[in-house]
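A.B. asks: Have a look at this prediction, sequence included:
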Amino acid sequence: MQREHPAVSPTFYADSLRTLGRGIRLIKEEKESLAFPPLDSVFRLPVDDVLTTEELRRLSSESLRRLMIYFNLMMNFESGYQYFDSLERAKHPVVSRYCRRELWVAKAQMLMALDRHAEAVDYLNRAMALKDENNDPLSEIFCTATAGITYMGVDTISTRAESAFRRACRVAERSGLSNYWLYPQAIGRLADIYLQQGKYEESISLCREAIRLCEKSGSYHGKLVVAEILTEAYRLLGLYEEACRYFSAGERASRHVPKLTIT
């Protein structure tokens, strides 16, 4: 006898997006303690005959990124690592095939906070070795920029971090996503690496490019990151008037940046 499939609402995907959106909204409203159930709900959805693989991939990718932010905000890194590890061990058919990069970067973030640096770097290396896992530029920018930030937790002049930020920038430029908030941050972090290496002119040049992009996209977060780096660069060069100018610019930008994006 042929198995009968349960009736499925034609709005099932839209309903699932709304549930995920509720979790995202709770984080933005600084009610993150309530955000876990709607974010986790994506991984409780039936895999067969209800949603397409691409629909599930999009939901899973977004949920993994938001759950990483959730566990960071809650500062519950041990639970975060256990959660992401259980997802990997469960071999969810969509996550294990299309979202390994998000999963490994999320695990690395948790491990870095737990001072398990060698394990964190191993996951970052595995994530960065993946090429076009899901043909999703937004996912790749998020993961590579986050990987770069996490690498910097080990070594502020890490060539691996530099490579990650450069990759994030290339993807953003190629895909027309230069208005995504992590793009100017990737440029800013790259400038920060040059600053730590004593390459002041290269650092300032990158920051000026980031400022141009921030003005174009209206990214206050990017302005904040770049202003902090320029403040330090000009301070080290002894140009204190310029340093004060960018310190003030950073203070103004910070008023428009939600807690969620200050990393």
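C.D. replies: The structure has been received and is ready for your questions.
A.B. asks: So which residues of the stretch 1-150 of the chain form helices?
C.D. replies: Taking DSSP state H, counting those that start in this stretch to define them, one finds helices in the stretch 1-150 of the chain at 12-28, 36-40, 53-74, 77-90, 95-98, 100-113, 117-129, 137-151.
A.B. asks: And the shortest one, what does it pack against?
C.D. replies: Translated: helix 95-98. helix 53-74, helix 77-90 (3 or more CB pairs under 8 Å, 6 or more residues apart in numbering; DSSP states H and E). Where you see a C-beta, it was placed from the backbone N, CA and C, and this is true even at glycine.
A.B. asks: what does whatever helix or strand Glu232 lives in contact?
C.D. replies: Element membership for Glu232, per DSSP states H and E: helix 220-236. The contact list for helix 220-236 (CB atoms under 8 Å, 6 or more residues apart in numbering) reads 181, 183-185, 187-189, 191-192, 195, 200, 203-204, 207, 210-211, 213-214, 240, 242-243, 246-247, 249-250, 253-254, 256-257, 261-262.
A.B. asks: And for stretch 189-208?
C.D. replies: Counting by CB under 8 Å, 6+ apart, residues outside stretch 189-208 touching it are 145, 148-149, 152, 156-158, 161-162, 165-166, 169, 187-188, 210, 225-226, 229-230, 232-233, 236-237.
A.B. asks: ChimeraX command for the buried members of those?
C.D. replies: Here is the ChimeraX selection string for the buried members of the contacts of stretch 189-208, based on 16 or more other CB atoms under 10 Å:
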select :145,148,149,152,158,161,162,165,169,187,188,210,225,226,229,230,232,233
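A.B. asks: hang on, the earlier thing: just the buried ones from the contacts of helix 220-236?
C.D. replies: Applying 16+ other CB under 10 Å to those flags 181, 183-185, 187-189, 191-192, 195, 200, 203-204, 207, 210-211, 213-214, 242-243, 246-247, 249-250, 253, 257, 261 as buried.
A.B. asks: and the residues you listed, which of them are in helices?
C.D. replies: Among those, the residues falling in helices (DSSP state H) are 183-185, 187-189, 191-192, 195, 200, 203-204, 207, 210-211, 213-214, 242-243, 246-247, 249-250, 253.
A.B. asks: Double-check Leu51 against Leu17; I have them as touching.
C.D. replies: No: in this structure Leu51 lies outside contact range of Leu17 using CB atoms under 8 Å: 10.6 Å.
A.B. asks: Between those two, tell me which one has more neighbours.
C.D. replies: Applying other CB atoms under 10 Å to Leu51 and Leu17 shows that Leu51 carries more neighbours, namely 19 against 16.
A.B. asks: What's the separation between the more buried one and Arg66?
C.D. replies: Noted for Leu51: a distance of 18 Å to Arg66, by CB to CB, to the nearest Å.
A.B. asks: Alpha carbons of the helix holding Glu232, as PDB, please.
C.D. replies: Written as PDB, here are the backbone C-alpha positions of helix 220-236 (Å, rounded to 0.1, in the frame of the first residue of the first chain):
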ATOM      1  CA  TYR A 220      27.100  52.600  10.900                       C
ATOM      2  CA  HIS A 221      28.700  49.400  12.100                       C
ATOM      3  CA  GLY A 222      31.300  49.700   9.400                       C
ATOM      4  CA  LYS A 223      31.900  53.400  10.300                       C
ATOM      5  CA  LEU A 224      32.400  52.300  14.000                       C
ATOM      6  CA  VAL A 225      35.000  49.600  13.100                       C
ATOM      7  CA  VAL A 226      36.900  51.800  10.700                       C
ATOM      8  CA  ALA A 227      36.900  54.900  13.100                       C
ATOM      9  CA  GLU A 228      38.400  52.800  15.900                       C
ATOM     10  CA  ILE A 229      41.200  51.600  13.700                       C
ATOM     11  CA  LEU A 230      41.900  55.000  12.300                       C
ATOM     12  CA  THR A 231      42.000  56.500  15.800                       C
ATOM     13  CA  GLU A 232      44.700  54.000  16.800                       C
ATOM     14  CA  ALA A 233      46.600  54.400  13.500                       C
ATOM     15  CA  TYR A 234      46.800  58.200  13.800                       C
ATOM     16  CA  ARG A 235      47.600  57.900  17.500                       C
ATOM     17  CA  LEU A 236      50.600  55.600  16.700                       C
END
